[in-house]
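K.L.:
Just a sequence and a predicted model for now, questions to come.
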Amino acid sequence: MPVKGWIEVDEVYCKACELCVNACPAEVLEISKDRLNPTGYHPVQLVGNGCTSCMICAIICPEAAITVFRENVLSREKKAETEVNH
Amino acid sequence: MPVKGWIEVDEVYCKACELCVNACPAEVLEISKDRLNPTGYHPVQLVGNGCTSCMICAIICPEAAITVFRENVLSREKKAETEVNH
Amino acid sequence: MTRELLKGNLAIAETAIRVGLDAYFGYPITPQTELLEWMSRRMVEEERVFLQAESELAAINMVYGAACTGARVMTSSSGPGISLMMEGISYIAATEVPFVLVDVMRAGPGLGNIDAAQSDYNQIIHGGGHGDYHQIVLAPSTIQESIDYTVLAFDLAEKYRMVTVVLIDGIIGQMMEPGILPEMKPARTKQPDWIPPKWAVRGKEGHDRHLLTSIHMSPTLEEGLNLRLLKQWREIRLKETRYKEYYLDDAEIVVVGFGTAGRVALSAVRTARSYGIKVGLFRPISLRPFPEEALEKLVDQTKAFLVVEMNTGQMYKDIKKIVSNQSRVEFYGRVGGVIPFPDEILSEIRRISSMSYQSENIDPIDAWIQRLEDIRKTEAVGR
Amino acid sequence: MTRELLKGNLAIAETAIRVGLDAYFGYPITPQTELLEWMSRRMVEEERVFLQAESELAAINMVYGAACTGARVMTSSSGPGISLMMEGISYIAATEVPFVLVDVMRAGPGLGNIDAAQSDYNQIIHGGGHGDYHQIVLAPSTIQESIDYTVLAFDLAEKYRMVTVVLIDGIIGQMMEPGILPEMKPARTKQPDWIPPKWAVRGKEGHDRHLLTSIHMSPTLEEGLNLRLLKQWREIRLKETRYKEYYLDDAEIVVVGFGTAGRVALSAVRTARSYGIKVGLFRPISLRPFPEEALEKLVDQTKAFLVVEMNTGQMYKDIKKIVSNQSRVEFYGRVGGVIPFPDEILSEIRRISSMSYQSENIDPIDAWIQRLEDIRKTEAVGR
Amino acid sequence: MDIPNTNLQVVYQRPDVLTKVVSHYCPGCTHGIAHRLIAEVLNELNIVNNTIGVASVGCSIFSYNYIDIDFTEAPHGRAPAMATGVKRMLPDKIVFTYQGDGDLASIGMGEIIHAAGRGENITVFFINNANYGMTGGQMAPTSVPGQKTTSSPFGRDVKTAGYPIQVSELLSHLEGTSYIVRRSLHDSANIRKAKKAIRTAIEVQMRCLGFSMVELLSTCPTNWGVNPCEAQDWLVENLIPVYPIGDYKVIPEVAEIRVKG
Amino acid sequence: MDIPNTNLQVVYQRPDVLTKVVSHYCPGCTHGIAHRLIAEVLNELNIVNNTIGVASVGCSIFSYNYIDIDFTEAPHGRAPAMATGVKRMLPDKIVFTYQGDGDLASIGMGEIIHAAGRGENITVFFINNANYGMTGGQMAPTSVPGQKTTSSPFGRDVKTAGYPIQVSELLSHLEGTSYIVRRSLHDSANIRKAKKAIRTAIEVQMRCLGFSMVELLSTCPTNWGVNPCEAQDWLVENLIPVYPIGDYKVIPEVAEIRVKG
Amino acid sequence: MQMEIVIAGFGGQGVLFAGTVLARAAMIKKFHVTWFPSYGPEMRGGTANCTVIIADDEIGSPIERHPYGVIALNLPSWDKYESQVVSNGILIVNSSLINRDIRRNDIKTFLIPASEIAEHIADRRLTNMVALGAFLAKTQILPLDAVQQAFKFTLPKRHHKLLMANIQALDEGYNIETQLAQGI
Amino acid sequence: MQMEIVIAGFGGQGVLFAGTVLARAAMIKKFHVTWFPSYGPEMRGGTANCTVIIADDEIGSPIERHPYGVIALNLPSWDKYESQVVSNGILIVNSSLINRDIRRNDIKTFLIPASEIAEHIADRRLTNMVALGAFLAKTQILPLDAVQQAFKFTLPKRHHKLLMANIQALDEGYNIETQLAQGI
Ligand SMILES: Cc1ncc(C[n+]2csc(CCOP(=O)(O)OP(=O)(O)O)c2C)c(N)n1
Ligand SMILES: Cc1ncc(C[n+]2csc(CCOP(=O)(O)OP(=O)(O)O)c2C)c(N)n1
Ligand code: SF4
Ligand code: SF4
Ligand code: SF4
Ligand code: SF4
Ligand code: SF4
Ligand code: SF4
Ligand SMILES: [Mg+2]
Ligand SMILES: [Mg+2]
């Protein structure tokens, strides 16, 4: 079973270049049709399950807009300080 | 028998650098002790027989001061126009 | 000859092509780049020489080489790029070969920004390069003038074998206005009537060799060159001045401004006239030689001059030298890429028209700094 | 502190070292090269930074980088090399980092020759680089002054974060005179009392990051910078003038000259005094800011000024602006590497002292050209 | 789409060294990737407080607004000279330049060759996007034959405009250079390799091994006239053949670092 | 000594193309040899009236006083740019630059690389004497490690002053170059070879084959502090090891000329 | 007579082009005219604007703090220029993208759903022409046919297939019925 | 008091050095002094000269058209400077290399076989010191011991083995008996 992942786009930075959309092997990213950020772009959003937290989107993102999370299966306690709740 | 040769130094140009003296395989060049040219140098002169008209002195001379002559054995009449008498 | 809507940069470029430019060498820099880009297309179409140099330093030396052959040559740049050309310009001036330089001024010093300014006036007028040399500087203020003075620039450059500068700023470079371009002619050196200048370096076939150099190891000879250049300049000084006057007949206040500042001032002067203020505009076009005499003639009738520039008062200093001690000279400038609006100049005119001329003792520059700082406080947003 | 017999170039170099020069970057050019050569030995001995750059363009940008770290930095050059530095100087001025430039003037324009001249006055005084910036310019005339004003140059540069120029010519660079050098100190940034300036770029350890740049895309901000630079200059203009006066108490003729021309004039003034002519010498040392007020003070007592330069009248134009309309201003210059002899200036003084001041209507420059051409005819051999 | 309700661990996030400022770069411009990689490496090597960047003139001119370290800004092409001045004064600090291809390979050719020739102990990040981005897409010395740009409207004609200059190849022949490699920013695999190279280059400097440069093939969708994803392909098709990815100079001492690293 | 009384034929004489002027060069300086070779080649190729020389700033600045052809004089280092300007206007004429190593390899590095990169159809004669002769013997980029000069009084220290730049090697890597060779002027055999190379280089230009350069190792007895004959040895011992004589780039079309020639 | 017009919007909305068409029309009608764009590192998105001045005498300043007419194609431009229009001046706002209350009653503001009309005709990219048409109708500064003629000259040859749609957009903008917007 | 001295000769004859010795001696004696050389692309042979000015007040010009004293070590220098010496000035000529009639009777010309004396002592290269010695004797501008002291400071350390020979040359020049040369 693939690692379960999750990404967040800091919409302020996103310029809708679609590089991440194009690069995501899981094809779980798309440009949001409805939202506009302050610079006038439609930011990217995660859609559907299947993110593997492979980080490719974050690596390709020229705006460093993407944070990648991974399901913490190994050491829940130890890494507690870096955890983020949703 | 080696070719019989002769050189002339245009003393105006000679700077007594001795490159020709040093380079002449026949060792027939020397700096004149007594003469001074207008620039204050003792020009080079041909001494003794033995110049083979090998042109080495002329080729090495930075001042293009040397004219090389060769005894005209082959075609005295034909080359008459380039002859020089001494 | 039809009127066309033309950008300043393109108008100058196309004019140069039409009067027979043989070669253009340049390097991109905003707000001049369109001129180069236009050349990159049109010169190739016309089978002339276009070459994007590796730098402004290379460009000016390519110009130098090409000019030595007697060809009609141009380059163009702005601020930092012009500074890089200073050595080459000094050499070209010393060698007495003609070329035309187009300087599209932007804000400085340093990298500054790309908005329009006139802060390179000193550099161009008072010599940015080393040594005693002179260059003709023409500062058009409209697109039609940009065309006409580009034509003239080549003529003067070649007549006097002298560096000639067409000095504009980002506004004139970027704006459009209708203009009439000259007729298309072949490249100068391909024109049937062209014969190589007697000094041109093109191979010594048929004549004694030509040598173009800027070095004269003998001080006496070098002094001779310097004096020759100076004497020629003294002649040009009298013969080649150009300017335009507006509403000066009865003017008591004379606004002086060139290029963009000059045309902004014109708007203000018109409005002031509509308020009944006796104000006129003197717009120098040849900044070198400066139309000193024409300006001096105004001294008697004028109670105050107002110099308007897009710098901190560079031409102002020259004007002061010409008219000062007889008349009051005031200054208003915007700097750093800020373009003055007509209403700013208008309020300067109104201020001057309502003040007693001998009253203030404070230096006009210091006074201006104070006024400008007040203005800046109010306009943080508006710009 | 002993008097030593010192060459100008070396005196300046050694002074810089002794006041703690951290780094020197330069490129050979006559008649400045000895300064660089001295640095190449002494800076290495003192374990400071010496680097022969690949060009003047590189040198000024190395200076720029080193100056950004807060270090004490210098470069030196002449004519063509100074022209190549114009872009960098404008950048440095815009960034407000201090450094000292030594300009050992030679004859121009172009390659000219290597003999002494003052023909780069305009370039250095009226801005050779692009944009509205200002620099302090000190023009010593003796070896001791070369030492003293080099010391001052660093102080002023660092106090005002401003480009400061020590402007000499080939004569002062090459001549020897006794002088007293300052005490030897360690490199500035190694001195115990040194703390990095608050703007220095040295890594952001312990504080917010520092940024040194010359670009301000917002015209409003760029205007702000320009105004700040200007206001600082207005202050310097009043505070940092330097000059020397000789025999001025009762002088009716005032000779004005700087650097070598100034000292040659001194000889002539002395001889003229021995003939009973009421003549004195005003020798500006700070050419920027120019000692305008001190000169203006002389206007009332003075019937005529005689400006003496080794160029075609560059400072003359500035002097005219200051004193003209009140006094007659005459000019005498030698150009192209020719150094005026005292007797030439003496005969100018005699000519002026015996002439009715308002008589001649011809422009002083044109008149000088005529006189000089006559002189040149007689001296073809003598030089 | 399920929102995972288990604890999540951050595995990748915007590095702190990047300022919280929206860049001025066009969408998809890979300058931003290069910035991020540098920021990450400075972080990892723990030299954020000891590094001085020298920005150049080009689209990256405001790189100093995005990477939160001490910075100076050089005149067009002169960054290597300016960096030399900085480094000579601060030999213990890390100094890098960030230069475009117009800046480095055209107007700044003299300075880069000499800084490399001197073996100046600085690091150069060379962003090759085959044109002058900032001024509107003119031809650069690196533009490929036939490339249409705003100053080569009929395509780069090698007969008049000359051949592309391969900077990494050229500099690698100078004895002063220690580490010269070319990488590309067009996909994530290459970006990872680029980051390693950036790290190595900085480590070369930290060990005083001399001049290091990483050339990064970079996209300029705006001036190439394609969208950001197409730009990646354009790069692969047009740039990599002329500018092959690879190591052009790795002196033995550097090879050691990399083995350890 | 006998004066031969038979008829004599001139087999070598000062070429006409050299003006009848005493040069300003120091005794034994091989700049003069280079001048003479160029003059001879122009004569032989019958292009004296169609050639334009571009002099540079260095001891050879007055080369235009000695070679009797049309000449211009470039600012220090900028001869390749100036020659480009001349050649673009006069593509049918022969244009060469004559540059010293300070001029070409130091301040003029940008211009030479770009002229070469463009494949500019000009010929460059590059006189490498490992120092700045004219200004009194300062270090040049070509000075060899340890070489004492007036600006490296303790010997060139490669750690601070960098490594010698091998210009022929460097330029040969640029696609625009067609013929790049190094020769030496220290003895007659080498001088003969130098002349052939000079001739080939000009022929390359005559056939519009692109950029050609002949680097000539040359002596500077005055600044090397040795006499002219010792200078020849100094060159062999110190320069040739760093600057090997050889052909660095000969494109096939050029190789053909040489076979025919 | 002198009239200053500012056209402003996002980078891709064709404001410089619309200004050029207007300027060229003025030239055709033998007016004096200037056109001045915002310029700079163009490719970074953001807003663009140009100032067109039409007069019957030599034009001085090519820029004006208080223009007579403004065409604002997006919100930032509306925000910026609303306050700058001269009293009694005209402001055309593209109300498709934006809507808010007007802030000044001393100028004539017209809210035109330009983008919608454009999309309706063919393409959003006709927005500029719709707005320009409306502006011409409100100001009557130049006859419509001159603008149409200018348009033909201005459109690059390779785009001539778009001619009719643009002309239609101009027309529809010209003929749209709008009320003066009322402030609160 | 001010005295201008020009020392001139061929490149290798040590004229700049002799001038430096003289200048340093003047400094030791607390005079004001300047020294100015001909400079330039030095290595091209030809002639060299320097001007030394010694005075008891601040010195103005470091060059002078009509110097008080001239030391001419070769013919071109004699030719050039003979006409320039001020009336009643002093001209020392190195008569070893050259001889011709003198052309001026209003100056004091002394013909000194300096090179011969120098060769006699040790080496031709002492010519400059012999001539300087003679000049000092004729002008009495500075005491011999000050010049000797200056000499020691001026000679580079590595040449100190030449010290005695030079001092001797100075001495012999100083003590040489010469007649004023008479013109025709
Ligand atoms: C001396 C000088 N010349 C020209 C310019 C204009 N200019 C600014 S950026 C640039 C080109 C930048 O191209 P590149 O270095 O490739 O960077 P990119 O924008 O492509 O990243 C030019 C020519 C300048 N600022 N200074
Ligand atoms: C811009 C500029 N910088 C410096 C100089 C001074 N300069 C003249 S010749 C020269 C060096 C010449 O050396 P090289 O090119 O090697 O020629 P060489 O004399 O050795 O033959 C220098 C630095 C100059 N004329 N112009
Ligand atoms: S981390 Fe990988 S799988 Fe998840 S969105 Fe990003 S690219 Fe897609
Ligand atoms: S790569 Fe970054 S900027 Fe581009 S669309 Fe994805 S999140 Fe947005
Ligand atoms: S030609 Fe040959 S043999 Fe004759 S002198 Fe010259 S070098 Fe000697
Ligand atoms: S090589 Fe020439 S210059 Fe040298 S000594 Fe011989 S003839 Fe004279
Ligand atoms: S113009 Fe090109 S290089 Fe510049 S920001 Fe845009 S995409 Fe990037
Ligand atoms: S200094 Fe050197 S290069 Fe110059 S002429 Fe003398 S020997 Fe030749
Ligand atoms: Mg680029
Ligand atoms: Mg050399």
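P.N.:
Alright, I've got the coordinates. Ligands and ions are numbered 1, 2, ... in the order given.
K.L.:
So stretch G:59-76, near chain D or not?
P.N.:
No: Stretch G:59-76 is not in contact with chain D by Cβ under 8 Å from any Cβ of the partner chain; minimum separation 12.4 Å. (Glycine included, C-beta is placed from N, CA and C.)
K.L.:
So is that stretch next to chain E?
P.N.:
No: between stretch G:59-76 and chain E, judged by Cβ under 8 Å from any Cβ, nothing touches; the nearest distance is 15.3 Å.
K.L.:
Check whether that stretch comes near chain C.
P.N.:
Yes: residues of stretch G:59-76 are located near chain C by Cβ under 8 Å from any Cβ, namely G:59-66.
K.L.:
On the three-state scheme, the residue of the stretch 101-250 of chain C found nearest ligand 4 is what?
P.N.:
As assessed by Cβ to the nearest ligand atom, ligand 4 sits closest to residue C:114 within the stretch 101-250 of chain C, at 26.5 Å. Here residue C:114 is recorded as strand under DSSP: H, G, I helix; E, B strand; the rest coil.
K.L.:
check contacts around it.
P.N.:
C:30-31, C:106-107, C:170, C:337, D:217, G:39-41 (Cβ atoms under 8 Å, 6 or more residues apart in numbering or on different chains).
K.L.:
Could you tell me which of those belong to helices?
P.N.:
residue C:170 (DSSP state H).
K.L.:
how about the contacts of residue C:114, which pair is most distant?
P.N.:
Maximum pairwise distance in the contacts of residue C:114, criterion Cβ to Cβ, is 14.4 Å, between C:107 and G:41.
K.L.:
could you pull out the strands for chain G?
P.N.:
Remark: strands assigned in chain G by DSSP state E are G:2-10, G:32-37, G:47-55, G:69-72, G:90-94, G:108-112.
K.L.:
re earlier: residue C:107 and residue G:41 - which one has more neighbours?
P.N.:
Between residue C:107 and residue G:41, counted using other Cβ atoms under 10 Å in any protein chain shown, residue C:107 has the larger neighbour count: 36 against 17.
K.L.:
returning to that earlier point: pipe the contacts of residue C:114 into JSON lines and attach distance to residue A:55 per row.
P.N.:
Output for the contacts of residue C:114, formatted as JSON lines (distance: Cβ to Cβ, whole Å):
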{"residue": "C:30", "distance to residue A:55": "38"}
{"residue": "C:31", "distance to residue A:55": "43"}
{"residue": "C:106", "distance to residue A:55": "43"}
{"residue": "C:107", "distance to residue A:55": "43"}
{"residue": "C:170", "distance to residue A:55": "45"}
{"residue": "C:337", "distance to residue A:55": "43"}
{"residue": "D:217", "distance to residue A:55": "34"}
{"residue": "G:39", "distance to residue A:55": "40"}
{"residue": "G:40", "distance to residue A:55": "36"}
{"residue": "G:41", "distance to residue A:55": "32"}
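K.L.:
Out of the contacts of residue C:114, who's the most crowded?
P.N.:
Going by other Cβ under 10 Å, residue C:107 tops the contacts of residue C:114 with 36 neighbours.
K.L.:
quick one: pLDDT of residue E:91?
P.N.:
pLDDT recorded at residue E:91 is 98.
K.L.:
try residue C:360
P.N.:
Confidence score, pLDDT, at residue C:360: 61.
K.L.:
now residue A:36
P.N.:
In this model, residue A:36 carries a pLDDT of 82.
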